[in-house]
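Q: I would like the atomic coordinates for the input below:
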Amino acid sequence: MKGTGPVAPHRQPRAAVWAHWRVEGLALTVVTGLCSAVALSACTGRISGQATGSAETGSGAQGTGNSRAGTGGGGTANVSGTAGDGSGAGTAGASGTGSGGSSTPVDCSAISPGRAPIRRLTTYEYSNTVRDLLNDTSSPGNALPPQVDSKQNLFGNDADEQAPSPLLIEQYETVAGTVAATATASTAALAKLNSCASTVTAATESACARAIATTLAPRAFRRVVAASDIDNLVSIYTTVRGVSSTVTFASGVAAMIEVLLQDPEFLYRVERGTPVSGNAAVKRLTGREVATRLSYLFWQTMPDASLFQAADASMLDTKEGVAAQAKKMLDDQRSHPTVAFFFDNLLPLPDLGGLTRDATLFPTWSSSIGLAMRSEVQRLLEYEIYENTTQAAAPYMPGSWPAILTSPYTFVNEALFNYYGASTFAPGTSVKGTALTKVSLNTSQRLGLLTLGGIMTGLTTTNLTNEVLRGTFIINKLMCRGLTVPTGLNPVAPDPYSGKTARIRFGFHSAMPVCAGCHKMIDPLGLPFENYDPVGLYRTTEHWVDPSTGTPYDTPIDASGAVSGVDGTASNGVELVKLLATSPEVGSCFASHWMRFAYGRSLEADADACNQQSVVTAFQGAGYNIKQLLLALTQSDGFLYRPAQ
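A: Prediction:
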């Protein structure tokens, strides 16, 4: 709670108004003060009838090397053992667990949704939802404490990590007050809530307040509201308006909006579901609950009017109906920011504009180049997923994950073209101006997403390349093997003066027994990218100065490597990405990231085996097309159902 200084008129009667206020279906009782302080604490558990309780905890069981056929559950690895590859083959590597494997067939004859913990809006979703509810484009979610990632879930929306802190609860109150004040700051602002406010009089105030509540509540709660819901909001307005003659109509409406924005059913995605005939273990989500899942998956905001209408017309009661709406939403421009958000969290992109390098060693690097690199990656992804219809990365079809990994083109503006140098691109290429332009690459130097400057620079934290960071990125983010540092081991980067090249320097680690287990996995995946320096420029030699003599050396780089579980070897990064593109493990890992994002939780090897099997099988059958993957997610049990308890 905040201090006891002067209180705005519309906040004075809160304790009286909120005393014993019950939120329907949640059985959350607010005795005094800020309702959200109690409501949020209770809302980390399951929603089921009148039940309240503590949070569902745990990040989900980890997958094992021989877990389920082709499902690829996320895993962890430490020092020794084998890791599954998500397609049936165990692969050599760090300890114990990996991203799948197969030995036991999965019986998916019964509906198996897995867990469905209640999810709170992320800061990004909060901003978007307030924008669409109240026409507020100030991104108020940025004022909330940032959410955290979990071990498996990289997207800040893992329900198991969303326990509300005192700071969050306080900030919800502060932000709600600011948003409410903006929404009621003028007659024109009030009229955006409901046209009645443009000509409101003393005689029509109460009716207009009810009209505003009736307009906002169903959208804010994302369900059909009862008369009691509207009555509760109007009683807030009436009490505040009656405090004194100086309290205005706008203050009463602002109080109503503040309460709405702190209501658990606004902040959380409440799902009660409906019984399934003959199956007491699960519930089918209602039409509006499915609409909400669709909207936050594709648009990261509340459903719009047409989606609510589809839900109310029973158009989301079948898989076919859900698929049809999902396709419309995915084809809508509003889905593009969500896909960009996903990749911004999967890839090392957000910090590119803030990276610093030694200006003497890298005189052409700048924050503007870093930002351009980020835009380059984002534009490549958007074009390949949404726009490309021409097969450019044979044998892979347009819009597929392998096509992105082996794309022979990119997008640069004049500054980025000059930064990379003409040799990076196909002969005769030139680019002028600030607009990102599609250009063909010199595929002997670069091919696909991983060899772009933004990825290589983002995986470098100092003035020296780090094959461990680059290799573990592939292992954990692209293959889902969950490699972790063994307990008690505190690895340090090799002495930069211990060898002329990274292969030599990191080779000392590989020779140490305590390090060898991990480096056998890391080195073949990280060292092939040594042709890209700490600022993403292509090189064939590594410059090194002997500290004892001052003698400079430019030593040819050995960029050879391999992908465990995939036939063949690579002589450089270009060849390595070709191998990665053929790996079923890479495909199933990519699908599992989208599942974690869509479900808002970590995955469990057993409980999610059928979800993973259905999604990954559909993804494979569609040639690893990303849009088809997203549509397949909406057809899974984990998306359409929830456990009954």
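Q: can we go C-alpha only for contacts and neighbour counts from here?
A: OK.
Q: what ranges do the strands span in the protein?
A: 21-23, 28-30, 82-84, 90-92, 119-120, 268-269, 274-276, 279-284, 409-412, 437-440, 541-545, 552-556, 641-643 (DSSP state E).
Q: what's near enough to touch Asp132?
A: Counting by CA atoms under 8 Å, 6 or more residues apart in numbering, Asp132 makes contact with Thr301, Met302.
Q: separation between it and Leu216?
A: As judged by CA to CA, to the nearest Å, Asp132 and Leu216 stand 11 Å apart.
Q: Can you pull out the low-pLDDT segments for the stretch 51-200 of the chain?
A: 51-104 (pLDDT under 70).
Q: show me where it has helices.
A: 123-134, 166-183, 187-193 (DSSP state H, counting those that start in this stretch).
Q: and those helices, which is most packed in?
A: Compared across these, helix 123-134 shows the largest average neighbour count, a mean of 21 (mean count of other CA atoms under 10 Å).
Q: With only the CA atoms kept, save it in PDB.
A: Taking C-alpha atoms only, helix 123-134 is exported to PDB below (Å, rounded to 0.1, in the frame of the first residue of the first chain):
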ATOM      1  CA  THR A 123       3.600  -6.500 -19.800                       C
ATOM      2  CA  TYR A 124       3.400  -6.400 -23.600                       C
ATOM      3  CA  GLU A 125      -0.100  -8.000 -23.600                       C
ATOM      4  CA  TYR A 126      -1.200  -5.500 -20.900                       C
ATOM      5  CA  SER A 127      -0.100  -2.600 -23.100                       C
ATOM      6  CA  ASN A 128      -1.800  -4.000 -26.100                       C
ATOM      7  CA  THR A 129      -5.000  -4.800 -24.200                       C
ATOM      8  CA  VAL A 130      -5.300  -1.400 -22.700                       C
ATOM      9  CA  ARG A 131      -4.700   0.100 -26.100                       C
ATOM     10  CA  ASP A 132      -7.500  -1.800 -27.600                       C
ATOM     11  CA  LEU A 133      -9.900  -1.400 -24.700                       C
ATOM     12  CA  LEU A 134      -9.300   2.300 -24.000                       C
END
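Q: tilt between it and helix 166-183?
A: Between helix 123-134 and helix 166-183, the angle comes out at 30 degrees (axes from the mean of the first three to the mean of the last three CA atoms, to 10 degrees).
Q: From the centre of the protein, point out the most distant residue.
A: The centre of the chain is farthest from one residue, Thr549, which by CA atoms, centre = their mean lies 49.9 Å away.
Q: give the contact list for that one.
A: Thr549 neighbours (CA under 8 Å, 6+ apart): none.
Q: can you pull out the helices in the stretch 251-400 of the chain?
A: Under DSSP H, counting those that start in this stretch, the stretch 251-400 of the chain gives helices at 264-267, 287-298, 305-312, 319-331, 336-346, 367-382.
Q: Reformat those helices as JSON lines; add distance to Leu436, mean pLDDT and mean neighbour count.
A: Below are the helices of the stretch 251-400 of the chain laid out as JSON lines (distance: least, CA to CA, whole Å; pLDDT from 0 to 100; neighbours: other CA atoms under 10 Å):
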{"stretch": "helix 264-267", "distance to Leu436": "38", "mean pLDDT": "98", "mean neighbour count": "23"}
{"stretch": "helix 287-298", "distance to Leu436": "25", "mean pLDDT": "98", "mean neighbour count": "24"}
{"stretch": "helix 305-312", "distance to Leu436": "34", "mean pLDDT": "98", "mean neighbour count": "17"}
{"stretch": "helix 319-331", "distance to Leu436": "23", "mean pLDDT": "98", "mean neighbour count": "17"}
{"stretch": "helix 336-346", "distance to Leu436": "16", "mean pLDDT": "98", "mean neighbour count": "17"}
{"stretch": "helix 367-382", "distance to Leu436": "7", "mean pLDDT": "98", "mean neighbour count": "20"}
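Q: closest to Leu352 out of the ones you listed?
A: helix 367-382 (4.7 Å; CA to CA).
Q: now that closest one, how far from the centre of its chain.
A: On the basis of CA atoms, centre = their mean, to the nearest Å, helix 367-382 sits 18 Å off its chain's mean C-alpha point.
Q: how far away is Asp344 from Ile455?
A: 11 Å.
Q: what do you get for Arg481?
A: In terms of CA to CA, Arg481 sits 20 Å off from Ile455.
Q: Which of the two has more residues huddled nearby?
A: Ranked by neighbour count (other CA atoms under 10 Å), Arg481 and Ile455 place Arg481 first, with 34 against 21.
Q: Can you tell me which residue is spatially central in this structure?
A: Central residue of the chain (CA atoms, centre = their mean): Phe155, at 3.1 Å.
Q: ok, that residue - contacts?
A: Asp149, Phe342, Asn345, Leu346, Phe597.
Q: If I follow the layout properly, Leu168 ends up in contact with Leu144?
A: Yes. Look at Leu168 against Leu144 with CA atoms under 8 Å: they come within range, at 6.4 Å.
Q: backbone phi and psi for the residue nearest to the centre of the chain, please?
A: phi -110, psi 10 (degrees, to the nearest 10).
Q: What lies in contact with stretch 217-225?
A: Leu133, Asp229, Ile230, Leu260, Leu261, Glu265, Phe266, Arg288, Glu289, Thr292, Met302, Pro303.
Q: Name the residues of stretch 436-447 that are buried.
A: Judged by neighbour count using 16 or more other CA atoms under 10 Å, the buried positions of stretch 436-447 are Leu436, Thr437, Lys438, Val439, Ser440, Leu441, Asn442, Thr443, Gln445, Arg446, Leu447.
Q: Sorry, wrong one. I was asking about stretch 270-277.
A: For stretch 270-277, by 16+ other CA under 10 Å, it's Val270, Glu271, Arg272, Gly273.
Q: how many other residues sit next to Thr541?
A: 16.
Q: give the contact list for it.
A: Asn531, Asp554, Thr555, Pro556, Ile557.
Q: What subset of those is buried?
A: Asn531, Ile557.
Q: Could you provide the contacts of Thr541 in TSV, with additional columns for pLDDT and distance to Ser235?
A: Listed next are the contacts of Thr541 as TSV, based on pLDDT from 0 to 100; distance: CA to CA, whole Å:
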residue	pLDDT	distance to Ser235
Asn531	98	68
Asp554	95	77
Thr555	97	77
Pro556	97	77
Ile557	98	74
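Q: Ramachandran coordinates for Asn194?
A: According to degrees, to the nearest 10, Asn194 has phi -170, psi 140.
Q: What is the neighbour count of it?
A: 17.
Q: Test my guess that it contacts Ala213.
A: No. With contact defined as CA under 8 Å, Asn194 does not count as touching Ala213 (9.3 Å).
Q: show me what contacts the closest residue to Cys515 other than its chain neighbours?
A: Excluding the flanking residues, the one nearest Cys515 by CA to CA, 6 or more residues apart in numbering is His509, at 5.9 Å. Contact analysis of His509 by CA under 8 Å, 6+ apart lists Pro494, Cys515, Ala516, His519.
Q: what's the spacing between the residue nearest to the third one when sequence neighbours are not counted and Val253?
A: The one in question is Ala516. The spatially closest residue to Ala516, leaving aside those adjacent along the chain, is Ser510, at 4.6 Å (CA to CA, 6+ apart). Per CA to CA, Ser510 is found 66 Å from Val253.
Q: domains of the chain?
A: Structural domains assigned to the chain are 119-269, 352-466+503-514+532-581, following automatic domain parsing.
Q: Of the ones you listed, which is nearest Tyr641?
A: It is, among the domains of the chain and with distance given as CA to CA, domain 119-269, at 14.2 Å.
Q: now the closest one, how far from the centre of its chain.
A: For domain 119-269, the distance to the chain centre is 25 Å (CA atoms, centre = their mean).
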